[in-house]
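> Curious how this folds, go ahead:
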Amino acid sequence: MAISEEEFQKEKKILHKINKLLGNTLSELGEEVIESEDNLVEFKKMMWENANNFDAAEAHQAMYATALEADKAYQKQQYFKRLCSIKDKPYFASIVFKDDKGEIYNIYMSLTYLKDDNANNILYDWRSPICSLFYDYETGPASYKAPGGTYTGELKRKRQYKIEKKKLLGVFDNSLNIDDEILQEVLATESSDRMKNVVNTIQQEQNQVIRNLEDHNLIVQGIAGSGKTTVALHRIAFLLYRLKNLNSNNILVFSPNNIFTEYISDVLPSLGEDNTLQTTFADYLYSFIKEYKNVENFSDFVRRYYSYEETNPELVEYKQSDKIIDDLDAFCENYIDNCKFINDFKEGEANYILKDDLNEMLHDRYERLPLFERIEEMSEKLSSNYYKGSMKKKATFQKLLYQNANFKKDYKEIMREFYKSEFCRYRVSDVEIDKFIYTDNLHYEDALIFAYLKGTLEGFLYESTIKQVVIDEAQDYNRLQYIIINNIFKKADFTILGDINQNINPYYHYNSLEDLKDLFREDTKYIELLKTYRSSPEIIDYTNKILGLRHVNAIRKDNNKPVIIRKDLDNIKDKMIEDIAYLKDQYKSLAIITKDDKEAEKIYDLIKDDTQISLVDADSKKFKKDSIVIPAYAAKGLEFDSVIIYNDRDNSYRRNERNLLYVACTRCQHELIIYN
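Have a look, this model is predicted:
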């Protein structure tokens, strides 16, 4: 609801004052930043010149002082950057809150804070406790939690602003209902090449995820377009603001592919935070598995199935199943129990080592350790015992231990033993086993099993510096992957987000992501996001029918653009060129989404000479969304103003491939055309 002219003029005066204060603060802080950098250089120079005059304690104190000065300079630089980012749009909303004591607070919300000369808050960071009132309540009784306790009162007013280049263009009073003016305006805008921050339109259900500090682990099931990834990134920004001793290098995001990593790369910087560490699960496998030249990524694993290149899908399904976890555990337990030293041996002239003593060390003294870590410990112990605490013979003893044992550290052979053992439920021929084990290129499903065997027998690579792990597209990870991740990040907290309806892993399915709760600590909360902000009601109605869904709640208002189905065309090329020209004229971004990469290449070759368009796959790191051809499994997590779905007559979506079609169609915001 627009405000009165009198109120509008008052708001213009407030903006003028804040612009002036912000400008002065930037000017003063800019000088301080330059001065602090110069001081740090001089400080380091002084320390270097006098280093020889310091004793150990003084040197330690000098290093600490240098680090302290560097941190102060860095904090000033970061705050200066944040202020620079808001100089054209200082704030986006305000609230008036009257607490139970009768005190009234007029809070202006921004991406960062700003204080006046008396150290009073003029702008509040959107992540501060009192700002949660804006997202969680309509006008009326309200409360918020802060470190000092819970504060109750009445929310008197909620106001949003349109500010561009320091000028006030619009002011709206609202209760931030799902159809409020600012939200609908944001939803109506065209998508860009990168995901943006949405601090001015965060909804209540999203805010409950973003600001949750009570639960260490969150599992979020969100329908297509519910803002799962956006919520995850804003949650990261919130945790960086609220948790002491947490920085961007303590957070790891698992992304589905490189395209997605590039797509989200602007969100955290726009919120004033550094980008976190990011990886894909395939990248982790590649770093852990040194025994193979290449490890297949998830996109190529999926591509094999949807291109019908997999010759034994039943075996792959077993490798992806929960059953194989029990089988691998039973095999490893039996394997370790049967490992032993079969010979006594001598080291040097006088050192005679008995196999019985070694077996006691292996199975009793070091039982708490993974098998091959026990050998490491035993080698150190023997070297220390026989050479007066020296480790110089550790490698010699390790070699002798393996020479006189009935086992060796050969994971390829151990994996082969598993498939030949009674513990494997699927009978596999020697030829087939050798084909997928003794190769330079390890398939994705085999890499998971290889990594689990290796981690179980020698220990996983524990990452102690990671305190927060975010997993997006969680439905595409099987249970074995979560067990591996849990073993790597034993002390981290998790935010896991996904949608079982968007599962594109053809071999593994969850009834609910809530099934993952038993893999994590007791303080794990399951949350559902049931509103979609991406697509028009017409598109949502069509995509619901693909999977027989009923519960999707569309927020975007009608655009009266029906989903168009094109069938049995004599000249596909001419009609597609016509559709592309129309959509490019109407919208900023267009994607032609195909079932697989072969179809993508076919369509790209068909139209590339007649329209400006680019071909994108899951390995692409840079791309512009204005006009692309992309396979469905590479489009996960992306969104476009308009979409053309192309489905070749000879390569149609099968009944068990409906989820992939659902993913493709739900990428669209405004207008969807389907070539079927």
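
> host element of I580?
helix 572-586 (DSSP states H and E).

> tell me the mean pLDDT for the longest helix seen in the chain?
Counting residues, the longest helix found in the chain (DSSP state H) is helix 5-49. Average pLDDT, helix 5-49: 82.

> Show me what it is packed up against.
Applying 3 or more CB pairs under 8 Å, 6 or more residues apart in numbering; DSSP states H and E, we find helix 5-49 packed against helix 56-85, strand 114-115, strand 121-125, strand 167-173. In this view, the C-beta of every residue, glycine as well, is placed from N, C-alpha and C.

> could these go into CSV alongside distance to Y308?
Below are these laid out as CSV (distance: least, CB to CB, whole Å):
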stretch, distance to Y308
helix 56-85, 49
strand 114-115, 59
strand 121-125, 52
strand 167-173, 54
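
> Deepest-packed of those, please.
strand 121-125 (a mean of 20; mean count of other CB atoms under 10 Å).

> now the following helix or strand past that strand: mean pLDDT?
Using DSSP H and E, the next helix or strand after strand 121-125 towards the C-terminus is helix 132-136. On average, the pLDDT along helix 132-136 is 95.

> Would you mark the buried spots in the helix or strand that helix 132-136 is followed by?
Next in sequence after helix 132-136, counting helices and strands by DSSP H and E, comes strand 140-146. For strand 140-146, a neighbour-count test (16 or more other CB atoms under 10 Å) marks 142-144 as buried.

> tell me the phi and psi of V96?
Reported as degrees, to the nearest 10, the phi and psi values for V96 are phi -120, psi 120.

> beta partners for it?
Per DSSP bridges, the residues bridged to V96 are N106, R157.

> Just to check, it is in contact with G153?
No - judged on CB atoms under 8 Å, V96 makes no contact with G153 at a distance of 10.5 Å.

> out of the two, which sits in the more crowded spot?
Neighbours per residue, other CB atoms under 10 Å: of V96 and G153, the larger number sits with G153, 19 against 16.

> what's the angle between the helix or strand that contains the more buried one and strand 167-173?
Secondary structure from DSSP H and E places G153 in strand 149-164. Going by axes from the mean of the first three to the mean of the last three CA atoms, to 10 degrees, strand 149-164 is angled at 130 degrees with respect to strand 167-173.

> Contact partners for L549?
223, 501, 543 (CB atoms under 8 Å, 6 or more residues apart in numbering).

> burial measure for the last one, as a count.
The one in question is T543. 26.

> for the second one, same thing?
Neighbour count for N501, taken as other CB under 10 Å: 20.

> ranges for the helices of the stretch 151-300 of the chain?
181-188, 204-210, 228-242, 258-263, 267-270, 281-288, 298-306 (DSSP state H, counting those that start in this stretch).

> how far out from the middle of the chain is the helix or strand following the helix holding I580?
Following helix 572-586 in sequence order, the next helix or strand is strand 590-594 (DSSP H and E). Distance of strand 590-594 from the chain centroid (CA atoms, centre = their mean, to the nearest Å) equals 24 Å.

> nearest spatial neighbour of T276, skipping sequence neighbours?
Leaving aside its sequence neighbours, T276 sits nearest to I251 (CB to CB, 6 or more residues apart in numbering; 4.0 Å).

> cool, and L354?
D344 (5.2 Å).

> residues touching the one you found, list them.
352-355, 404.

> Any quick PyMOL command for the buried ones out of the residues you listed?
Selection of buried members from these for PyMOL, criterion 16+ other CB under 10 Å:
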select buried, resi 353+355+404
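
> And I613, how close does it get to L583?
11 Å (CB to CB, to the nearest Å).

> Same check on D610?
D610 is 14 Å from L583, by CB to CB.

> out of the two, which sits in the more crowded spot?
L583 (22 against 13).

> What pLDDT is listed against that one?
As predicted, L583 sits at a pLDDT of 96.

> right, and it touches C668 too?
No - assessed by CB under 8 Å, L583 is found out of contact with C668, at 10.5 Å.

> Tell me the residues that contact both of these two, please.
Joint contacts of L583 and C668 (CB under 8 Å, 6+ apart) are 641-642.

> Point out where the stretch 351-500 of the chain drops to low pLDDT.
Scanning the stretch 351-500 of the chain for pLDDT under 70 picks out no residues.

> could the contacts of D344 go into TSV alongside secondary structure and distance to Q204?
As requested, the contacts of D344 are arranged in TSV below (DSSP: H, G, I helix; E, B strand; the rest coil; distance: CB to CB, whole Å):
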residue	secondary structure	distance to Q204
Y352	strand	74
I353	strand	68
L354	coil	70
K355	helix	67
N404	coil	67
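
> Looking at the helices and strands packed on helix 5-49, spot the one closest to K517.
Proximity to K517, assessed across the helices and strands packed on helix 5-49 by CB to CB, is greatest for strand 121-125 (32.4 Å).

> Find out how far the closest one is from the centre of the chain, if you would.
The answer for strand 121-125 is 30 Å, by CA atoms, centre = their mean.

> how far away is K87 from L111?
Computed as CB to CB, the K87 to L111 distance reads 11 Å.

> out of these two, which sits in the busier spot?
Comparing K87 with L111 by neighbour count (other CB under 10 Å), the higher total belongs to L111, at 23 against 14.

> Nothing else from me, thank you.
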